[in-house]
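Colleague: Have a look; sequence and predicted model below, questions after that.
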Amino acid sequence: MGIFDFFKNQFIEVIEWTDNTSDTLVYRFPVANNEIKMGASLIVRESQMAVFVNEGEVADIFGPGHHELYTRNIPILTKLKSWPQGFNSPFKAEVYFVNTKQFVNQKWGTSNPIMMRDAEFGMIRLRGYGVYSYRVSDPGVFLKELFGTNETYTTDNIESHLKKMIISGLSDLFAESKIPALDLASHYDELSELGKQKMEPHFKAFGFAITSLYIENLSLPAEVEKAMDTRTSMGVIGNMGQFQQYQAGQALREAAQNESGGLAGAGAGLGAGAALGGMMTGAMQNNVQQHQAQTMACPNCSAQMPVGAKFCPECGKSPQPATKSCVSCQATIPATTKFCPECGTNQEQKKCPKCQHVNAPTAKFCADCGETLA
């Protein structure tokens, strides 16, 4: 190989990068000991951007497409090098290919529980996990703030920091939302969208754009979940007194079916009798209480009368006091009330029969339409 071939091999004529990985954010084109020939081809594929760096300073940035490198096409680098117009000699510069595709299915999760205050359960510990996606939106900011001059930069280099930012932001979001622990599962979509909006400025500071954030699960401590299960069971049972009577009846039936004799049988019989007596006593007390709850004293003659009756069977008077509607808010109030307990309006005010405007008690004409008032 002659001296001409040696120098020819030192000139790079095609600059491109074919990404065969799934996690590379930045790749530095190997131009060490090589010079880029003026007129060389720069091939930037979709989801890529090429950044020229001169002596540690970001010079020119190229988007997707085919570019021929001349002084007129790299104005910043030309200015930094102070090349004369039209000077076509080779030049040296570091070339970085930045991957701008979305990096999806990036996982986040709480390594330690999030402490938050719940109105129903008090202080609780909350754990959660989910996924997020992001991409490089500003290669210049990304290179200045994070990448530096490494040969490659992958998602593993920044993953831990991004996770900590997300968990910190979501912890603050959960505390501010004041959503009850029982209702968190029904607000995953809303919390995910609010979390994405909250993280956008933090990602932008590093040249990133967060494209999605999803909450997959929020879990409570085992003791809180057990309390929730107990409350659900009580809701399914309904009337606790009837449930206890049912359990006592089942116990009596099992005792009656016990075929063991002797003292044990006698003890079972005595226990069953005591349980039956207690159950009957409780049932009678419940009936008396229910009967008492279904009657009320007449406010006029104090005689007992059914709840909801319109007239007393003894004195024939209505137990309900006379009512009227508030002149302002139309709430139902006692007829003798001077001021509405709902809105505080003076009930002696006069309402115009034509425009319904409320006037002062002494007004003779409507202040709104001039109608004569009674």
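Modeller: Sure thing, it's come through.
Colleague: how would you label Arg135: helix, strand or coil?
Modeller: Using DSSP: H, G, I helix; E, B strand; the rest coil, the structure places Arg135 in strand.
Colleague: what's near enough to touch the residue lying closest to Ser325 once chain neighbours are set aside?
Modeller: In space, Ser325 comes closest to Thr332 once its chain neighbours are excluded; the distance is 6.3 Å by CB to CB, 6 or more residues apart in numbering. For the C-beta atoms, the positions are set from N, CA and C on the backbone; glycine is no exception. Neighbour list for Thr332: 323-326 [criterion: CB atoms under 8 Å, 6 or more residues apart in numbering].
Colleague: Count the neighbours of Leu69 for me.
Modeller: 24 (other CB atoms under 10 Å).
Colleague: Please determine how far the closest residue to it other than its chain neighbours is located from Pro180.
Modeller: Distances taken as CB to CB, 6+ apart place Ala40 nearest to Leu69, at 5.0 Å, with adjacent residues excluded. Separation of Ala40 from Pro180 (CB to CB, to the nearest Å): 64 Å.
Colleague: Compare those two and say which is more crowded by neighbours.
Modeller: Counting neighbours by other CB under 10 Å for Ala40 and for Pro180 shows that Ala40 has the greater number, 18 against 12.
Colleague: My read is that the more buried one contacts Val14, right?
Modeller: Yes. In this structure, Ala40 is within contact of Val14 by CB atoms under 8 Å, at 6.6 Å.
Colleague: so where is the stretch 251-374 of the chain shaky, pLDDT-wise?
Modeller: 258-293, 320-322, 374 (pLDDT under 70).
Colleague: residue ranges of the helices in it, please?
Modeller: Remark: helices assigned in the stretch 251-374 of the chain by DSSP state H, counting those that start in this stretch are 262-293.
Colleague: for the stretch 1-150 of the chain, same thing?
Modeller: 3-9, 75-81, 139-142.
Colleague: If you average pLDDT over each of those helices, which is lowest?
Modeller: In terms of average pLDDT, helix 3-9 trails the rest of the helices of the stretch 1-150 of the chain, at a mean of 44.
Colleague: So what's the residue count around the closest residue to His66 other than its chain neighbours?
Modeller: The shortest distance from His66 to any non-neighbouring residue, by CB to CB, 6+ apart, is to Ile43 (5.7 Å). The local packing of Ile43 (other CB under 10 Å) involves 16 other residues.
Colleague: ditto for Gln304
Modeller: Gln304, neighbours per other CB under 10 Å, totals 12.
Colleague: what's the answer for the one 3 residues further on, then?
Modeller: Using other CB under 10 Å, Val307 is surrounded by 9 other residues.
Colleague: how close does it get to Ala297?
Modeller: 11 Å.
Colleague: Gln250 now?
Modeller: 40 Å.
Colleague: And for Thr230?
Modeller: In terms of CB to CB, Thr230 sits 40 Å off from Ala297.
Colleague: Just list whatever residues bridge to the residue lying closest to Gly39 once chain neighbours are set aside.
Modeller: Distances taken as CB to CB, 6+ apart place Glu68 nearest to Gly39, at 5.9 Å, with adjacent residues excluded. Legend: beta-bridge partners of Glu68 under DSSP bridges are Ser41.
Colleague: hang on, the earlier thing: is the residue nearest to His66 in contact with Val14, as I believe?
Modeller: Yes. Using CB under 8 Å, Ile43 makes contact with Val14 at a distance of 7.0 Å.
Colleague: Burial check on Lys92, number of neighbours?
Modeller: Lys92: 14 neighbours (other CB under 10 Å).
Colleague: no wait, Ser160
Modeller: Ser160 has 9 nearby residues by other CB under 10 Å.
Colleague: Could you do Ile61 as well?
Modeller: Ile61: 17 neighbours (other CB under 10 Å).
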